[in-house]
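Novice: Show me the folded form of this:
(chains A and B)
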Number of protein chains: 2
Amino acid sequence: MKKKSRAQRQKELIDMLKTDPFYTDEELANLFGVSIQTIRLDRMSLNIPELRERVKLIAETETSKVKTLGVKEITGEIIDLSVGSLGISMLEITEDMIYSKTNTLRDTYIFSLANSLAMATIDAPKVIMRVANIKCLKLIEQKDRLIAKAEVYRKVDRKHYVKVIVNNKSQEQIFRGKFIFEELD
Amino acid sequence: MKKKSRAQRQKELIDMLKTDPFYTDEELANLFGVSIQTIRLDRMSLNIPELRERVKLIAETETSKVKTLGVKEITGEIIDLSVGSLGISMLEITEDMIYSKTNTLRDTYIFSLANSLAMATIDAPKVIMRVANIKCLKLIEQKDRLIAKAEVYRKVDRKHYVKVIVNNKSQEQIFRGKFIFEELD
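Specialist: Reported below is the predicted structural model:
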């Protein structure tokens, strides 16, 4: 396969990151068949910050919309939020989040990711969790990057029903949960 | 009501703490109708450490029995453990565990208390959580002290079923959950 020209690659790079800003340099390097260094140089000449920075910039704006939680009470970075309907967040797994016996993600982190996103998506000043029904479908390893999606699918009186699914970076569903929150006065 | 003699009070104090080692000095003072200082002096003359110390001493022994988790992966202090059947743990709520908007305990802590006790109670070298169905029955405030009880109620092939209930210090049930864990190779 003939390599793309630099100009062509950079054009495609911009388009790809517009559609999905969450490619790592490594993933981009693999997709284009070039070295990570090349991708870094591309990003620099195009003034595109690295993944972590891109996420932070987006998360700052999205997190400021949250009504039910303080910023420090959110696990992961919220990267898209329509209060009252939909939320998306992302969690980079670090070593301290891993069980020593099984080398998988500690349950408390996947729960907090889903629970805090669900809560953040609710359009009310104060809510408390009443019910959570959750299923873990696949082992979550440290190399995974998690994307959680929450949807408020029902509201009855003071109760808000929220579904959350979490995918790993191979787009496999690894978790799903249903939560019921109740509004407080 | 005539006050008890010092000797009588100290005898009863020893009996009470044998039956339930988790009375605070304040609770004991109220029960005996004396000042907290008097209870502290009683404890000192009887060589009984304060609540926090009593819990730590017990927790060290009990935690050493846990097979499925590292010590740092446990939320709360395990105060009684029969691996394969029953576990009891305790959580002192601190200010950093409280939601800024509702002044109630953050969901992640009640989940972690129940989840880590359930996991600790299982008799297997490696397990992962597959299912959790949980209900929060009452608001949990900072002044509460939580006691969690876990029971392995079923084992089918490689699946361990664990029920957890959590009471506050007024003995009200504030949480219940059912967990399914699966053994790994």
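
Novice: And the contacts of the helix or strand bottoming out on mean pLDDT in chain A?
Specialist: Least confident element among the helices and strands of chain A, by mean pLDDT, DSSP states H and E: helix A:51-63 (a mean of 88). Under the contact criterion Cβ atoms under 8 Å, 6 or more residues apart in numbering or on different chains, helix A:51-63 has outside partners A:17, A:21-25, A:48-49, A:71, A:74, A:77-81, A:90, A:92, A:120. Where C-beta positions appear, they are placed from N, C-alpha and C, glycine not excepted.

Novice: same thing with stretch A:81-93?
Specialist: Here stretch A:81-93 makes contact (Cβ under 8 Å, 6+ apart) with A:22, A:52, A:55, A:62-63, A:65-67, A:74-80, A:105, A:109, A:113, A:116-118, A:120-123, A:140-152.

Novice: picking up where we left off before, so among the contacts of helix A:51-63, which ones count as buried?
Specialist: Buried positions within those, assessed by neighbour count (16 or more other Cβ atoms under 10 Å in any protein chain shown), are A:17, A:23, A:24, A:25, A:48, A:74, A:77, A:78, A:79, A:81, A:90, A:120.

Novice: The residues you listed in strands, which ones?
Specialist: Using DSSP state E, the members of the buried ones among the contacts of helix A:51-63 that fall in strands are A:77, A:78, A:79, A:81, A:90.

Novice: Now distance to residue A:128 and pLDDT too, for those residues, in JSON lines please.
Specialist: Output for these, formatted as JSON lines (distance: Cβ to Cβ, whole Å; pLDDT from 0 to 100):
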{"residue": "A:77", "distance to residue A:128": "24", "pLDDT": "94"}
{"residue": "A:78", "distance to residue A:128": "20", "pLDDT": "95"}
{"residue": "A:79", "distance to residue A:128": "25", "pLDDT": "92"}
{"residue": "A:81", "distance to residue A:128": "20", "pLDDT": "95"}
{"residue": "A:90", "distance to residue A:128": "25", "pLDDT": "93"}
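
Novice: Identify the farthest-apart pair in the residues you listed.
Specialist: Greatest spacing in these, by Cβ to Cβ: A:81 and A:90 (12.2 Å).

Novice: now, among the buried ones among the contacts of helix A:51-63, which is nearest to residue A:31?
Specialist: Using Cβ to Cβ, these come closest to residue A:31 at residue A:23, 7.6 Å.

Novice: Quick one: end-to-end length of stretch A:75-91, please.
Specialist: With Cα to Cα, to the nearest Å applied, stretch A:75-91 spans 7 Å between its terminal residues.

Novice: hmm, back to that, and which of the ones in strands among the buried ones among the contacts of helix A:51-63 is nearest to residue B:170?
Specialist: Once Cβ to Cβ is applied, the member of those that ends up nearest residue B:170 is residue A:78, at 36.7 Å.

Novice: I'd like to know how far that closest one sits from chain B.
Specialist: 16 Å (Cβ to the nearest Cβ, to the nearest Å).

Novice: One more: residue A:35?
Specialist: Going from residue A:35 to chain B by Cβ to the nearest Cβ gives 37 Å.

Novice: list the contacts for that residue?
Specialist: Applying Cβ under 8 Å, 6+ apart to residue A:35 gives the contacts residue A:29.

Novice: likewise residue A:97?
Specialist: Residue A:97 neighbours (Cβ under 8 Å, 6+ apart): A:105, A:106, A:109, A:142.

Novice: Same question for residue A:21.
Specialist: By Cβ under 8 Å, 6+ apart, the contact list for residue A:21 reads A:51, A:54, A:55, A:58, A:79.

Novice: How is chain A divided into domains?
Specialist: Using automatic domain parsing, the domain ranges for chain A come out as A:6-48, A:54-183.

Novice: which one of those domains lies closest to residue B:36?
Specialist: Nearest to residue B:36 among the domains of chain A is domain A:54-183; the distance by Cβ to Cβ comes to 32.9 Å.

Novice: Tell me the span between the first and last residue of that closest one.
Specialist: 34 Å.

Novice: Tell me the bridge partners for the spatially most central residue of chain A.
Specialist: Nearest to the mean C-alpha position of chain A, by Cα atoms, centre = their mean, lies residue A:90 at 1.7 Å. In this entry, residue A:90 is beta-bridged to residue A:77, residue A:147, by DSSP bridges.

Novice: Quickly note the distance from it to chain B.
Specialist: Taking Cβ to the nearest Cβ, one finds residue A:90 at 18 Å from chain B.

Novice: repeat for residue A:129
Specialist: From residue A:129 across to chain B, the span is 5 Å (Cβ to the nearest Cβ).

Novice: Can you tell me the closest non-neighbouring residue to residue A:104?
Specialist: Excluding the flanking residues, the one nearest residue A:104 by Cβ to Cβ, 6 or more residues apart in numbering or on different chains is residue A:139, at 5.0 Å.

Novice: if we can go back for a sec, of the contacts of residue A:97, which belong to helices?
Specialist: With DSSP state H as the criterion, helices contain residue A:109 from among the contacts of residue A:97.

Novice: Need the contacts of residue A:97 in CSV (columns: pLDDT, neighbour count and distance to residue B:30).
Specialist: Putting the contacts of residue A:97 into CSV (pLDDT from 0 to 100; neighbours: other Cβ atoms under 10 Å in any protein chain shown; distance: Cβ to Cβ, whole Å) gives the following:
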residue, pLDDT, neighbour count, distance to residue B:30
A:105, 96, 25, 44
A:106, 97, 24, 39
A:109, 97, 21, 40
A:142, 87, 12, 49
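
Novice: Relative to chain B, which of the contacts of residue A:97 is nearest.
Specialist: The closest of these to chain B turns out to be residue A:106 (Cβ to the nearest Cβ; 6.4 Å).
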